[in-house]
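Colleague: Return a 3D structure for these sequence lines:
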Amino acid sequence: MMKKSEVVFIPFPGPTHLISTLEFAKLLINRDNRLRITVLVFKFPHTPDTDIHTKSLPISDSLHLINLPECSIPPTTDPISTMTALLESQKLNVKQAVTNIITREGNLTAFVVDMFCTTMIDIAKELSIPSFVFFTSGIAFLGLTLHLHTLRERDNIDSTQLQQMNELTIPTFATSVPIKSLPSSEIRKEWESFVTSFSKGLRKADGIIVNSFEELESYAVQAFLNDRDLASLPIYPVGPILNPESETKSTVDFDDVIKWLDDQTPSSVVFLCFGSRGSFDEDQVMEIAHAIENSGAHFLWSLRKPPPKGVRAAPTDYPLSELKSILPEGFLDRTTKIGRVIGWAPQAEVLAHPATGGFVSHCGWNSILESIYFGVPIATWPLFAEQQTNAFELVCELKMGVEIALDYRVELDGGANYIVTADKIERGIKSVLEDGEIRKKVKEMSKKSRKTLLESGSSYTYLGRLIDLIIV
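Modeller: Numbering: from 1, shown residues only. As a prediction, the model looks like this:
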């Protein structure tokens, strides 16, 4: 029997990264039974287990997990130092696990590391094994990251100088990108060393696997072929790799919500949901509630409770008694016939429902891919990380989203908050439900996103090329 080609996956422990990496691993072994994948899983200290995302994985002869030992990291409020320390402290564990695989199987042919774990490429280089980065954002944003690295290295442009500019010409964007649409990590001094190391790590890879597809980001794909600075780095757009929702349960019985959606007319409901880290202060919640009520739209609102100030944790669901106190008086009674306010929501299930006609979203890349796949237009309300850039791409480049606001930034680590006013939100809700041109474009791209993964589709072809490189 022919020996399988062994591939080591090193995902980042954040839920959105981990889930899409595991989905990609499944995609690879389902495509070619000559592959065997070992996923090395580590987690942040003092955070929930990653088990909730890994326990449903179909472990088999072709796919198995190794939970790496936990590393003790001094408690710190500084997320940058924590992340860097965690990755460095896991290097020895990764090296030991990889050495064991080589001793046992002897046929390790590739590393696939998450975009935030590029420091692990050093181990692959030591062992002369090809390494690929799994990039969980889009192709245009990958180009932006690499171009900003070039500006830093070649032109000595630092974060302070970037802040003073109005806009930038980026090879993977057809239009100039406003500085306000860059992630705060690119323009904040304290992130500079991490961002430089992250970008350098991308350039060390033998190729970058991107969770996107050529038909969606055709301009950016062409830039990687034609731009002198980018052409040396092969990319493999193999998406959309969609994520099943996690096992977490809402305080609301979700069957009841689906029954309610079943009673609504097609494309009439606006769905407001802001990802695994999205939550708002009470002032902002009031503005959203006023906007919803004034719009008259039928709605499903996933409203989450922020963690206490200064605590780095995911939002939770509100108890019903508390929910009433943070909403305008009588809001739930007045809107009982036209909407539902819930906690956690199985996003894909809601987007797939025929009644869902618009999506007010934080513009995380996974959410954008899901929304396009299910043909639901987005009203963009980015919060942090690369969401600003994603929202700009969706509205200004792809013309497949409507803007709620693009001119602000909320810091992930609790910087000054920004209130988006009720009139802006109301305008976005109405626009995403009524703009026929954008709806048509999204529906067309939805068809393409389904075809690209089928035989002879572009993502199918890129995946085949990647497998040919991995299997030796």
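
Colleague: SS state for E6?
Modeller: What DSSP: H, G, I helix; E, B strand; the rest coil gives for E6 is strand.

Colleague: Find me the pLDDT at the closest residue to it other than its chain neighbours, would you?
Modeller: In space, and not counting its chain neighbours, E6 is closest to L108: 4.5 Å by Cβ to Cβ, 6 or more residues apart in numbering. Placement of C-beta: from N, CA and C, glycine included. Listed pLDDT for L108 reads 94.

Colleague: how close does L108 get to A124?
Modeller: 9 Å (Cβ to Cβ, to the nearest Å).

Colleague: With neighbour numbers in mind, choose between the two.
Modeller: A count of neighbours by other Cβ atoms under 10 Å puts A124 above the other of L108 and A124, at 24 against 20.

Colleague: all strands for the stretch 1-150 of the chain, in order.
Modeller: In the stretch 1-150 of the chain, the segments counted as strands under DSSP state E, counting those that start in this stretch are 5-10, 35-41, 63-67, 108-114, 131-135.

Colleague: which one of the ones you listed lies closest to G310?
Modeller: strand 108-114 (27.4 Å; Cβ to Cβ).

Colleague: what's the closest one packed up against?
Modeller: strand 5-10, helix 15-31, helix 79-105, helix 121-126, strand 131-135, helix 458-470 (3 or more Cβ pairs under 8 Å, 6 or more residues apart in numbering; DSSP states H and E).

Colleague: now the helices for the stretch 151-300 of the chain?
Modeller: All helices of the stretch 151-300 of the chain, identified by DSSP state H, counting those that start in this stretch, fall at 159-164, 184-187, 192-204, 218-226, 254-262, 282-295.

Colleague: tally of neighbours for S62?
Modeller: 18.

Colleague: Tell me the confidence at it?
Modeller: On the pLDDT scale, S62 gets 90.

Colleague: Domain-wise, how is this structure divided?
Modeller: By the assignment in automatic domain parsing, the chain contains the domains 5-243+452-470, 254-449.

Colleague: Pretty sure I102 is one of the things L127 touches, is it not?
Modeller: Yes - assessed by Cβ atoms under 8 Å, L127 is found in contact with I102 at 7.5 Å.

Colleague: which residues do the two both contact?
Modeller: Counting by Cβ atoms under 8 Å, 6 or more residues apart in numbering, the common neighbours of L127 and I102 are L108.

Colleague: Switch the strands of the stretch 1-150 of the chain over to TSV; also include distance to I157.
Modeller: Output for these, formatted as TSV (distance: least, Cβ to Cβ, whole Å):
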stretch	distance to I157
strand 5-10	31
strand 35-41	36
strand 63-67	41
strand 108-114	27
strand 131-135	23
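
Colleague: where among the ones you listed is the average confidence lowest?
Modeller: When I compare these, strand 63-67 is least confident, with a mean of 92.

Colleague: distance between it and the chain's centre?
Modeller: 23 Å (Cα atoms, centre = their mean, to the nearest Å).

Colleague: Give me the buried positions along that strand.
Modeller: 63, 65 (16 or more other Cβ atoms under 10 Å).

Colleague: Which elements pack onto it?
Modeller: By 3+ Cβ pairs under 8 Å, 6+ apart, strand 63-67 packs against helix 15-31, strand 35-41.

Colleague: Take the ones you listed and write them to CSV, including distance to V442 and mean neighbour count.
Modeller: Converted to CSV, these look like this (distance: least, Cβ to Cβ, whole Å; neighbours: other Cβ atoms under 10 Å):
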stretch, distance to V442, mean neighbour count
helix 15-31, 21, 20
strand 35-41, 33, 21
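
Colleague: Looking at these, which is nearest to I235?
Modeller: Short answer: helix 15-31, nearest of the helices and strands packed on strand 63-67 by Cβ to Cβ, at 14.5 Å.

Colleague: Near R312, how many residues? Count them for me, please.
Modeller: 15.

Colleague: what separates the closest residue to L454 other than its chain neighbours from M445, distance-wise?
Modeller: Distance criterion Cβ to Cβ, 6+ apart; nearest residue to L454, sequence neighbours excluded, is Y460 at 6.2 Å. Applying Cβ to Cβ, the value for Y460 to M445 is 17 Å.

Colleague: what do you get for L18?
Modeller: 27 Å.

Colleague: contact partners of the helix or strand encompassing L433?
Modeller: L433 belongs to helix 422-434 when assigned by DSSP states H and E. Here helix 422-434 makes contact (Cβ under 8 Å, 6+ apart) with 267-268, 270, 287-288, 290-292, 294-295, 297, 299, 357-360, 377-381, 401-405, 438.

Colleague: Please repeat the previous calculation with a cut-off of 7 Å.
Modeller: 270, 287-288, 290-292, 294-295, 297, 357-358, 360, 377-379, 402-405 (Cβ atoms under 7 Å, 6 or more residues apart in numbering).

Colleague: Would you mind listing the buried residues in it?
Modeller: Neighbour-count burial for helix 422-434 [16+ other Cβ under 10 Å]: 422, 424-433.

Colleague: mind checking how far it is from the chain centre?
Modeller: So, by Cα atoms, centre = their mean, the centroid of helix 422-434 is 24 Å from its chain's centroid.

Colleague: Just name the shakiest helix or strand of this protein by mean pLDDT.
Modeller: helix 51-54 (a mean of 56; mean pLDDT, DSSP states H and E).

Colleague: Out of the buried residues of helix 422-434, which is nearest to H353?
Modeller: L433 (14.8 Å).

Colleague: Okay, the closest one and L87: tell me how far apart.
Modeller: 43 Å.

Colleague: give me the low-pLDDT residue ranges for this protein?
Modeller: 1, 45-59, 75-77, 79, 244-253, 408-417 (pLDDT under 70).

Colleague: Go again with 80.
Modeller: Low-confidence segments of the chain, defined by pLDDT under 80: 1-2, 44-60, 71-81, 105-106, 243-254, 310-313, 406-418, 472.

Colleague: Redo the helices of the stretch 151-300 of the chain as JSON lines? Include mean neighbour count and distance to V39.
Modeller: Below are these laid out as JSON lines (neighbours: other Cβ atoms under 10 Å; distance: least, Cβ to Cβ, whole Å):
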{"stretch": "helix 159-164", "mean neighbour count": "14", "distance to V39": "35"}
{"stretch": "helix 184-187", "mean neighbour count": "20", "distance to V39": "27"}
{"stretch": "helix 192-204", "mean neighbour count": "16", "distance to V39": "20"}
{"stretch": "helix 218-226", "mean neighbour count": "18", "distance to V39": "27"}
{"stretch": "helix 254-262", "mean neighbour count": "14", "distance to V39": "29"}
{"stretch": "helix 282-295", "mean neighbour count": "18", "distance to V39": "38"}
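
Colleague: is it possible to export those helices to JSON lines including distance to P11?
Modeller: Output for the helices of the stretch 151-300 of the chain, formatted as JSON lines (distance: least, Cβ to Cβ, whole Å):
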{"stretch": "helix 159-164", "distance to P11": "28"}
{"stretch": "helix 184-187", "distance to P11": "20"}
{"stretch": "helix 192-204", "distance to P11": "15"}
{"stretch": "helix 218-226", "distance to P11": "24"}
{"stretch": "helix 254-262", "distance to P11": "27"}
{"stretch": "helix 282-295", "distance to P11": "32"}
